[in-house]
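*Asks:* Need a 3D model of the sequence below.
(chains A, B and C)
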Amino acid sequence: MVDKRRVRVLREGNMGSGPVVYVMGRDFRAQDNWALLYAQEKAKAAKVPLGVLVHFGKNFIATNERQHDFLIEGLKEVSAELEALNIPFFITIGDWKKEVAEFVRTHEVSLLVTDFSPLHEMRWWWDEVSHGVEVPVHEVDAHNVIPCWVASPKEEFAAYTFRPKVHRLYKEFAGAIPKTAHHPYSWGVSKRACWPRGYAKDGCCAIDWGGVKKLRSYDAEVPPVAWLKPGPVAGEAVLRQFITQRLHVYDAERNDPTKRAISDLSPYIRFGYLSTQRIAHEIEKVRRDQDAKAAFIEELVVRRELAENFCFYNPNYDSFAGIKNWAKETLDAHRKDVREYLYTPEQFERAETHDPLWNAAQLEMVKTGKMHGYMRMYWAKKILEWTASPEEAIEIALRLNDRYELDGRDPNGFVGVLWSIGGVHDRAWSNRSVFGKIRYMNYNGCKRKFDVKAYVEKHQGTTAALF
DNA sequence: ATCGGCTCGCGCAA
DNA sequence: TGCGCGAAGCCGAT
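*Replies:* So this is what the prediction gives:
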C-alpha cells in the first residue's frame, strides 16, 4: 500500500468506471515509482485498465536538444517496459487543456494521477488541467524519500533546521519499494487505436519516436552528450559503478573536481530514471565506507530534499525576490561598488573571461552537460562578482545552468544558484566589496584544495564549435 | 598547519 | 531571554 501521506488531492471527485491514467511529468520510470504504484493500486481496486500518459507541451520537461534527446531516448525504454507490464503508454502533444481533456473524455478516464514537482510549470499546468477535466486528480510525491509536505510544513531556514526533521522521518519512509505488477486489466486494442493523433505508426499502438524527437529540437546549439546514456538501465549501471568504484573515495574527494569521486547520478534523478529512495536503499545496503555513505545520503536526501522544500514553499525560488532579507539588504548596500570585471551574458556563455579556472568550469558544463558540484559554487559566485547587479547574475547563472546542464531546470539548480549568489540556506560572513556579507570564494581557495592547473588543462578549449 | 573572527537568526532550553 | 551553532570560506595571526 502506498502511504496516504504521499498523496495530495488536486481535484476532488468520485472515480468513474473507466481506466486510471498516470500522467508522468517528472518521474520517468516503470519501477520504484510511488505514483505508478498508487495508480495501479487504484486501478486494481476498481478492476479497470491502467495507462501512462506523457504530454509534450510548451515549456515542458526539456527545452533544448541535449535534454530533449536524453528524455526521448529514455522514454522509449520506459514505454517498452510499461507496455510489457500491460500498461499502455500514450503521448499527447500541444495544448494541455485541449489535448489532455480530450484524452480523458475519449478514453473515459476515471482518475488522473500525477507525480509531484515543486516547480511552477508543473504546478500551474495541474492547476489548469484540474479545472479543465471532470475527473479526480491525485498527486503523488514519487521523487522524494520523504514527501515534501510531510518533511516540513514550511520553508526551512537552513540544512540544520531541516536535517533533524528528515532524520526523524527517514526510517519510516526509506527502504525497498514494491515491484510494479503486470496489470491484470487490459486496455482494449480498438480503444487505443489512432492515439496519439498524427504520431501513431502502423495504424495503432506504436509511437513514431522519430517524429516526436523532431518535435522540439531547438537549434542544434546544445548537442546531446555521449558519455552519459539516458534511461533507467543506464542509470542502474552508473549507480552500480558508483557503488563499486567511487563510493569509497566519495567522503574524501567529492570536492575535488580533478578526481572522479562523485556519483554522476543527478541527470538520472532529474529525469526520474532512478528513484532517490531506491538509490538511498542501495547505498544503505553497502557494508563498508560508513563515512562515505553518510556523506552521500546527506547530499542525496537532506540537501536535495531541502532544495525541493525551498521551491515548494518559496514562489520566488528563481529570483532575487526569493532570498532572505539580510542578503537583500547586504547586496543592496553594495550595488554601487566598482566591479573589477564586467562581462556580458555572451562573454560568460562563450567562456571568455580573464579567469582560466572559471572558463574551464563553463567549458566543462557546455561540453559535457555536467559541471562538477564544487565548481558550480565558484562559477556562480564569480558571475555575481562580474556583473552589474545580483538580479542580472541570478538570471545569467540560471539561464546557463538550465540550458547546458543535463540536470538543469531542477530544484537543485535553483537552490545552488541562490545559495551562491543570494545566501539561501547560508549564513552571513565578513563584509566585502560587491558580495557584502554573502560567502565569498576565490581562486586561492581552489588552489589550496585541488590542482587548479590539472582542471584547467582537462577542460581547455573554446566553445567555438557550438556557436 | 591551525585557529579565531567575521555575522545573522533559528530553535531549543530555561 | 540566552545561547549554540550552522551548505561546501577567507584571511591574518601564530
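*Asks:* What is the burial count for residue A:344?
*Replies:* Taking other Cβ atoms under 10 Å as the neighbour definition, residue A:344 ends up with a count of 11. C-beta: built from backbone N, CA, C; applies to glycine.
*Asks:* Oh, that last question was meant for residue A:384, not what I typed.
*Replies:* Residue A:384 has 24 neighbours, counted by other Cβ under 10 Å.
*Asks:* tell me the contacts of it?
*Replies:* Under the criterion of Cβ atoms under 8 Å, 6 or more residues apart in numbering, the contact list for residue A:384 reads A:390, A:393, A:420-421, A:434-435, A:438.
*Asks:* at 6 Å instead, please
*Replies:* Residue A:384 makes contacts with A:393, A:421, as judged by Cβ atoms under 6 Å, 6 or more residues apart in numbering.
*Asks:* and what of residue A:461?
*Replies:* When contacts are counted by Cβ under 6 Å, 6+ apart, residue A:461 touches residue A:363.
*Asks:* Measure how buried whatever residue of the stretch 201-350 of chain A ends up closest to DNA strand C is and give me the count.
*Replies:* Of all residues in the stretch 201-350 of chain A, the one sitting closest to DNA strand C is residue A:303 (3.8 Å; Cβ to the nearest atom of the strand). For residue A:303, the number of neighbouring residues by other Cβ under 10 Å comes to 18.
*Asks:* go on, residue A:40?
*Replies:* Residues lying near residue A:40 (other Cβ under 10 Å) number 23.
*Asks:* Tabulate the CA atom coordinates of the host helix or strand of it in CSV.
*Replies:* When elements are defined using DSSP states H and E, residue A:40 is found to belong to helix A:34-46. Listed next in CSV are the C-alpha coordinates belonging to helix A:34-46 (Å, rounded to 0.1, in the frame of the first residue of the first chain):
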residue,chain,number,x,y,z
TRP,A,34,5.2,5.6,-6.0
ALA,A,35,2.9,7.5,-8.4
LEU,A,36,2.6,4.5,-10.7
LEU,A,37,2.1,2.1,-7.8
TYR,A,38,-0.6,4.3,-6.4
ALA,A,39,-2.3,4.5,-9.8
GLN,A,40,-2.1,0.7,-10.1
GLU,A,41,-3.5,0.3,-6.6
LYS,A,42,-6.5,2.4,-7.6
ALA,A,43,-7.0,0.6,-10.9
LYS,A,44,-6.8,-2.8,-9.3
ALA,A,45,-9.3,-1.9,-6.6
ALA,A,46,-11.7,-0.6,-9.3
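*Asks:* Show me what it is in contact with.
*Replies:* Contacts of helix A:34-46 from elsewhere in the structure, counted by Cβ under 6 Å, 6+ apart, are A:2, A:6, A:15, A:20, A:22, A:50, A:111, A:113, A:115, A:140, A:142, A:180.
*Asks:* The fifth one and DNA strand C, how far apart?
*Replies:* I take that to be residue A:22. Going from residue A:22 to DNA strand C by Cβ to the nearest atom of the strand, to the nearest Å gives 30 Å.
*Asks:* Leaving out chain neighbours, which residue sits closest to that residue?
*Replies:* residue A:39 (4.1 Å; Cβ to Cβ, 6 or more residues apart in numbering).
*Asks:* Look at that neighbour and say how many residues are nearby.
*Replies:* Summarising burial for residue A:39: neighbours were counted as other Cβ under 10 Å, giving 31.
*Asks:* which residues does the residue nearest the centre of chain A contact?
*Replies:* Ranked by distance to the mean C-alpha position of chain A (Cα atoms, centre = their mean), the top residue is residue A:270 at 3.0 Å. Contacts were defined as Cβ under 6 Å, 6+ apart; by that measure residue A:270 touches A:407, A:410.
*Asks:* now residue A:235
*Replies:* Listed by Cβ under 6 Å, 6+ apart, the contact set of residue A:235 reads A:268, A:273-274.
*Asks:* Touching, residue A:85 and residue A:182? I think so.
*Replies:* Yes: using Cβ atoms under 6 Å, residue A:85 and residue A:182 qualify as a contacting pair, with a distance of 5.2 Å.
*Asks:* for the record, mean pLDDT for the helix holding residue A:40?
*Replies:* pLDDT averaged over helix A:34-46 equals 98, rounded to a whole number.
*Asks:* now the helix or strand just after that helix, how far from the chain's geometric center?
*Replies:* Where DSSP H and E defines the elements, the next helix or strand beyond helix A:34-46 is strand A:50-56. Centroid separation for strand A:50-56 versus its chain: 19 Å, with Cα atoms, centre = their mean, to the nearest Å.
*Asks:* how many degrees apart are strand A:50-56 and helix A:34-46 in direction?
*Replies:* Taking axes from the mean of the first three to the mean of the last three Cα atoms, to 10 degrees, one finds strand A:50-56 and helix A:34-46 inclined to each other by 140 degrees.
*Asks:* What is strand A:50-56 packed up against?
*Replies:* Using 3 or more Cβ pairs under 6 Å, 6 or more residues apart in numbering; DSSP states H and E as the contact definition, the elements that strand A:50-56 packs against are strand A:20-23, helix A:34-46, strand A:89-93.
*Asks:* for residue A:327, helix, strand, or coil?
*Replies:* In the three-state summary, residue A:327 is assigned as helix, counting by DSSP: H, G, I helix; E, B strand; the rest coil.
*Asks:* same check, this time on residue A:226
*Replies:* The assignment at residue A:226 comes out as coil when based on three-state DSSP.
*Asks:* Would you mind measuring from it to residue A:234?
*Replies:* In this structure, residue A:226 lies at 12 Å from residue A:234, with Cβ to Cβ, to the nearest Å as the measure.
*Asks:* Which one's more surrounded, these two?
*Replies:* Residue environment comparison for residue A:226 versus residue A:234 gives the larger neighbour count to residue A:234, 18 against 8, counting by other Cβ under 10 Å.
*Asks:* Any regions of the stretch 201-350 of chain A where pLDDT drops low?
*Replies:* Applying pLDDT under 70 to the stretch 201-350 of chain A flags residues A:201-205, A:216-220.
*Asks:* Next to DNA strand B, which bits of it? Give me the list.
*Replies:* Proximity of the stretch 201-350 of chain A to DNA strand B is confined to A:324-326 under the rule Cβ under 7 Å from any atom of the strand.
*Asks:* go with 6 Å
*Replies:* Within the stretch 201-350 of chain A, the positions adjacent to DNA strand B are A:325-326 by Cβ under 6 Å from any atom of the strand.
*Asks:* From the contacts of helix A:34-46, which one has the minimum pLDDT?
*Replies:* Taken together, the contacts of helix A:34-46 show their lowest pLDDT at residue A:15, with 93.
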